[in-house]
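Colleague: need a 3D model of the sequence below.
(chains A and B)
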Amino acid sequence: MIDNNHEYIVITGESDIILARKTMREVCGKLGFSLTDVTRIVTATSELARNICLYAGTGVMRWCYLERGTAVGIELTFEDHGPGIADIQQVMQEGYSTSNGLGLGLPGSRRLMDELEIRSRVGEGTIVVVKKWRR
Amino acid sequence: MAGDNISVIKILDVLLVTIPPDPDDELVKVLQDKVLQGMARHQVKGVVLDISACQTVDSFFARVITETAQMVVLMGGRTVIAGMQPSVAITATQLGLRLGSAGTALNVEHALEKLDAGFSRERTT
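Modeller: Residues are numbered from 1 along each chain as shown, chains lettered A, B, ... in the order given. Okay, here's the model as predicted:
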């Protein structure tokens, strides 16, 4: 994985969710993802960026391009220094929400993307990494 | 200003609400109010939400739509969501979205048919 072409958006409020969505639509469109895959990635971006706003207030979204042989993909990282998640299995369950939401953000994003990984420590923050490969 | 690019017009005896391509949170919140106020003001029997231009439907947007449809029911009306793009339908299903009491239609024309839209029957003779 090439790490030197990381780009990022700082997320501090709802307007940054829209910026993150617009940017991903553009980036993934240029990478040659299909319209449906672009929609999947943009929707997952919306869910994960909103989680940052809801639970941590501020955070950052980074992305970089992936290459494996002839395969091309994108990796997005959502990092915050919010309260963290005590029970990751619980938040991956559909319908679980501590913010009166639908509880679809994390489990839904996992279905929309090819890979989803969460690392979190209570009191320190949360990192969610998602990947999507171009078909 | 938020809400400026949501168009809410009365057509026949229903309310036609057009959602822009990339609705932000502010706009989505304004939507609910505009729809319910419009319903009361124009005395319509239903609401058509035209989302044919909409490229992203996330869980926040879906929740507001579902809630709005429920409120429209309380006011005695029905809501039909019209024109969801194929890519949005695929994504919404995988995400796990449900639209509650809202009906769906392929386009605005079918939505009007579904609501049995006609000229307001104000005279009862």
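
Colleague: flag every buried residue along the lowest-mean-pLDDT helix or strand in chain B.
Modeller: Of all the helices and strands that make up chain B, helix B:25-42 has the lowest average by mean pLDDT, DSSP states H and E, namely a mean of 90. By 16 or more other Cβ atoms under 10 Å in any protein chain shown, the buried positions in helix B:25-42 come out as B:25, B:27-31, B:34-36, B:38-39. Bear in mind the C-beta positions are built from the backbone N, C-alpha and C, glycine included.

Colleague: for those, which one is nearest A:D16?
Modeller: Nearest to A:D16, judged by Cβ to Cβ, of the buried residues of helix B:25-42 is B:D25 at 10.8 Å.

Colleague: contacting residues for the closest one?
Modeller: The contact partners of B:D25, by Cβ atoms under 8 Å, 6 or more residues apart in numbering or on different chains, come to A:14, A:17, B:60.

Colleague: residue boundaries of the strands in chain A?
Modeller: A:7-11, A:59-68, A:71-80, A:115-121, A:125-133 (DSSP state E).

Colleague: adjacent strands (with direction) for the fourth one?
Modeller: Meaning strand A:115-121. In the sheet, strand A:115-121 lines up against strand A:125-133 (antiparallel) (DSSP bridges).

Colleague: which bits of chain B sit near chain A?
Modeller: For chain B, the contact set with chain A under Cβ under 8 Å from any Cβ of the partner chain comprises B:22, B:24-26, B:55-60, B:62-63, B:85-88, B:90-92, B:94-97.

Colleague: could you rerun that using 7 Å?
Modeller: Residues of chain B found near chain A (Cβ under 7 Å from any Cβ of the partner chain) are B:22, B:24-25, B:55-56, B:58-60, B:63, B:87-88, B:90-91, B:94-97.

Colleague: I'd like the average pLDDT over the helix or strand B:E109 falls within.
Modeller: Take DSSP states H and E as the rule and B:E109 turns out to sit in helix B:108-114. Averaging pLDDT along helix B:108-114 yields 96.

Colleague: now stretch A:38-55
Modeller: Across stretch A:38-55, pLDDT averages out at 96.

Colleague: what's next to that stretch, contact-wise?
Modeller: If you take Cβ atoms under 7 Å, 6 or more residues apart in numbering or on different chains as the criterion, stretch A:38-55 is touched by A:11, A:13-14, A:16-17, A:20-21, A:24-25, A:28-29, A:33, A:59, A:61, A:74, A:76, A:78, A:80, A:82-83, A:99, A:105, A:108-109, A:112-113, A:128, A:130, A:132, B:55-56, B:58-60, B:87-88, B:91, B:95.

Colleague: can you check stretch A:62-80 too?
Modeller: A:1-3, A:5-8, A:27-28, A:31, A:41, A:45, A:48-49, A:52, A:56, A:58-61, A:125-134.

Colleague: now do 6 Å
Modeller: Residues outside stretch A:62-80 that contact it (Cβ atoms under 6 Å, 6 or more residues apart in numbering or on different chains) are A:5-8, A:48, A:52, A:56, A:59-61, A:125-134.

Colleague: beta partners of B:L16?
Modeller: Per DSSP bridges, residues listed as beta-bridge partners of B:L16: B:I9, B:V48.

Colleague: that older thread, now the contacts of stretch A:38-55: which count as buried?
Modeller: With burial judged by 16+ other Cβ under 10 Å, the buried subset of the contacts of stretch A:38-55 is A:11, A:14, A:16-17, A:20-21, A:24-25, A:28, A:33, A:59, A:61, A:74, A:76, A:78, A:80, A:82, A:105, A:108-109, A:112-113, A:128, A:130, A:132, B:55-56, B:58-60, B:87-88, B:91, B:95.

Colleague: okay, residue 100: pLDDT?
Modeller: No chain in the question, so chain A it is. At A:N100, the pLDDT recorded in the model is 73.

Colleague: let me rephrase: I mean chain B.
Modeller: pLDDT recorded at B:G100 is 82.

Colleague: what's the residue most central in space within chain B in contact with, if anything?
Modeller: In chain B, the C-alpha nearest the mean C-alpha coordinate belongs to B:L49, at 2.4 Å (Cα atoms, centre = their mean). Contact partners of B:L49, counting by Cβ under 6 Å, 6+ apart, are B:17, B:81.
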